[in-house]
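Enquirer: only geometry, no sequence info:
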């Protein structure tokens, strides 16, 4: 489109307006509206502005989740007019960011709570090294930022039932892993009788994923008795360098420069080590998949990687992987440490069979939206009674958690308030009706623009910092309105909920 990147912005704005209008016209009286990433970041602000104009309450609280602060929704300031928000919000205390508009900044400032996808990343985004220019903004919300670790969907990533593998296996019987190893070598054109360590890597070819650190250690893979299998695509320069490495030693290095779900599962199952030297990583999933597939992760000590991997040398009895700093020299040290670990079969078997989401993730049930805060192990965000309207960053639909999870909420006695926006498929609506017994509507009445009166104001008593990277408007003005519907407390299992 000749309007790109404006097209993406316009879709985002329109989607957020649709959600607000759906809440208003359907009179849902939501307790919590949960928004993800910059595509839905305008929703908390649009929500409060609509409440101010109409004198009503659409939602008691809002949550904004940052999945990757590097993607902020940065656009020219002229695009602000499309929001129909008061002009005074296009300043240093609002969406303005160095003469542009920054949608993620608005989500951070105007939501009641901010979450990230790992505890360490919640702290990292408040630093200049990892904050991508929004560290000052994040610092103004330090008391309201919570890191909740992502989890593993064990209906998909589980070697005991994985239909994409040539053989299944479990910690009790690992013979299927050897079958997967042989199949991986065969599919990559490598000798199937190779008995040394296989290093696997699955990622997008971007600077973030540390591909350059692997390339900087090409001599390790060329000189050591090991094999390297890489699946990924992206940056053409990185692809060319990885192709060159594979071409220089086709009997040792294999590159699959494509997106291939089946191969990603096979690499996790057939490798001995999984290489993930990210420069930064909000959470990461492959390091958790690896621990579930009996593959030792080699990861950088950043973000969610540091939250989910225990270095085997630092903690011999409980270690689950090998950790390094995000630089080439430290990665080389980690690769060198992997070789004697592989040779020590007794010790390697102990680390190799750790099932992360089976043995560790089961204790990670948290009450993300606590009703009374009555559970000592819960993480209480202070919302009181809480239904949830979760707004997808893809702009496809907004629904209580996800359709597959509504059934659990229904069974646990939680009233599922359901809202659909942005053209949800009919089968999803049917599924919601079937699981909850609550009616849904495929088509909402047409919504007009969310216009703001000139001179209107949404201010907070917490405003304090005036720098562009640290402007503060953390909470919208409180409004009165209807009481939340009575519901029972529920616990949300992070594992399996995207």
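Expert: That came through, no problem. Quick caveat: nothing in here was measured; it's all calculated off a predicted structure.
Enquirer: buried stuff in the top helix by length along the chain?
Expert: Longest helix in the chain by number of residues (criterion: DSSP state H): helix 6-26. Using 16 or more other CB atoms under 10 Å as the test for burial, helix 6-26 gives 8-9, 12-13, 15-24, 26. For glycine as for every other residue, the C-beta is placed from the backbone atoms N, C-alpha and C.
Enquirer: again, but for stretch 82-100
Expert: 82-83, 85-86, 89-90, 93-97, 100.
Enquirer: of all these, which two lie farthest apart?
Expert: The widest separation within the buried residues of stretch 82-100, taken as CB to CB, falls between 82 and 93 and amounts to 20.0 Å.
Enquirer: quick one: the strands in the stretch 151-300 of the chain, in order.
Expert: Counting by DSSP state E, counting those that start in this stretch, the stretch 151-300 of the chain has strands at residues 198-202, 227-231, 253-256, 273-276, 296-300.
Enquirer: next, format those as JSON lines and append mean neighbour count, mean pLDDT and distance to residue 145.
Expert: Below are the strands of the stretch 151-300 of the chain laid out as JSON lines (neighbours: other CB atoms under 10 Å; pLDDT from 0 to 100; distance: least, CB to CB, whole Å):
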{"stretch": "strand 198-202", "mean neighbour count": "25", "mean pLDDT": "98", "distance to residue 145": "30"}
{"stretch": "strand 227-231", "mean neighbour count": "25", "mean pLDDT": "98", "distance to residue 145": "34"}
{"stretch": "strand 253-256", "mean neighbour count": "22", "mean pLDDT": "96", "distance to residue 145": "38"}
{"stretch": "strand 273-276", "mean neighbour count": "26", "mean pLDDT": "98", "distance to residue 145": "25"}
{"stretch": "strand 296-300", "mean neighbour count": "26", "mean pLDDT": "97", "distance to residue 145": "22"}
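Enquirer: out of these, which is closest to residue 209?
Expert: Of all those, strand 273-276 sits nearest to residue 209, with 7.8 Å by CB to CB.
Enquirer: what residues does the closest one touch?
Expert: Here strand 273-276 makes contact (CB atoms under 8 Å, 6 or more residues apart in numbering) with 197-203, 209-210, 214, 267-268, 284, 286-287, 289-290, 295-300, 305, 322, 335, 338, 342.
Enquirer: if we can go back for a sec, against which helices or strands is the longest helix of the chain packed?
Expert: Judged by 3 or more CB pairs under 8 Å, 6 or more residues apart in numbering; DSSP states H and E, helix 6-26 is in contact with strand 30-36, helix 43-54, strand 388-391.
Enquirer: next secondary structure after the second one?
Expert: This means helix 43-54. Sequence order places strand 59-66 as the next helix or strand after helix 43-54, per DSSP states H and E.
Enquirer: where does the protein have low pLDDT?
Expert: Scanning the chain for pLDDT under 70 picks out 1-5, 347-498.
Enquirer: change it to 80
Expert: Judged by pLDDT under 80, the chain has its weakly predicted residues at 1-6, 345-498.
Enquirer: make TSV from the strands of the stretch 151-300 of the chain and add distance to residue 119 to it.
Expert: Shown next, in TSV, are these (distance: least, CB to CB, whole Å):
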stretch	distance to residue 119
strand 198-202	24
strand 227-231	29
strand 253-256	34
strand 273-276	18
strand 296-300	16
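Enquirer: going along the chain, name the helices of the stretch 101-250 of the chain.
Expert: Taking DSSP state H, counting those that start in this stretch as the test, the helices found in the stretch 101-250 of the chain are 103-110, 119-124, 135-140, 175-187, 211-216, 218-223, 236-248.
Enquirer: could you export the ones you listed as CSV, including mean neighbour count and distance to residue 78?
Expert: Listed next are those as CSV, based on neighbours: other CB atoms under 10 Å; distance: least, CB to CB, whole Å:
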stretch, mean neighbour count, distance to residue 78
helix 103-110, 28, 15
helix 119-124, 22, 33
helix 135-140, 22, 22
helix 175-187, 18, 51
helix 211-216, 20, 36
helix 218-223, 15, 46
helix 236-248, 15, 32
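Enquirer: can I get these in TSV with distance to residue 63?
Expert: Formatted as TSV, those follow (distance: least, CB to CB, whole Å):
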stretch	distance to residue 63
helix 103-110	10
helix 119-124	13
helix 135-140	15
helix 175-187	40
helix 211-216	33
helix 218-223	44
helix 236-248	35
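Enquirer: quick one: closest of the ones you listed to residue 157.
Expert: In terms of CB to CB, the element of the helices of the stretch 101-250 of the chain nearest to residue 157 is helix 175-187, at 13.8 Å.
Enquirer: quick one: contacts for the closest residue to residue 117 other than its chain neighbours?
Expert: Closest residue to residue 117 apart from its sequence neighbours, by CB to CB, 6 or more residues apart in numbering: residue 283 at 3.8 Å. Residues in contact with residue 283 (CB under 8 Å, 6+ apart) are 67, 117-118, 121, 149-150, 303-304, 307.
Enquirer: got it, and residue 281?
Expert: The neighbourhood of residue 281, defined by CB under 8 Å, 6+ apart, consists of 121, 208, 299-300, 302-305.
Enquirer: next one: residue 125
Expert: 66, 69, 116, 131-132, 134-135, 138, 145.
Enquirer: ok, how many other residues are close to residue 193?
Expert: The number of residues packed near residue 193 is 7, by other CB atoms under 10 Å.
Enquirer: please report the distance of it from residue 181.
Expert: Using CB to CB, to the nearest Å, residue 193 is found at 11 Å from residue 181.
Enquirer: which one of the buried residues of helix 6-26 is nearest to residue 166?
Expert: Residue 166 lies nearest to residue 8 out of the buried residues of helix 6-26, by CB to CB, at 40.4 Å.
Enquirer: so what's residue 333 closest to, chain neighbours aside?
Expert: In this structure, residue 333 finds its nearest non-sequential neighbour in residue 324, 6.3 Å apart by CB to CB, 6+ apart.
Enquirer: need phi/psi at that neighbour.
Expert: Here is the backbone geometry of residue 324 (degrees, to the nearest 10): phi -150, psi 170.
Enquirer: report how many residues lie close to it.
Expert: 22.
Enquirer: hang on, it packs against residue 298?
Expert: Yes. Here residue 324 reaches residue 298: they are 7.0 Å apart, a contact under CB atoms under 8 Å.
Enquirer: which neighbours do those two share?
Expert: 277, 331, 334.
Enquirer: just the buried ones from these?
Expert: For the shared contacts of residue 324 and residue 298, a neighbour count by 16+ other CB under 10 Å gives the buried set as 277, 331, 334.
Enquirer: quick one: the nearest residue to the first one once chain neighbours are set aside and residue 102, what's the gap?
Expert: Of all residues not flanking residue 277 in the chain, residue 210 sits nearest, at 3.6 Å (CB to CB, 6+ apart). Separation of residue 210 from residue 102 (CB to CB) stands at 27 Å.
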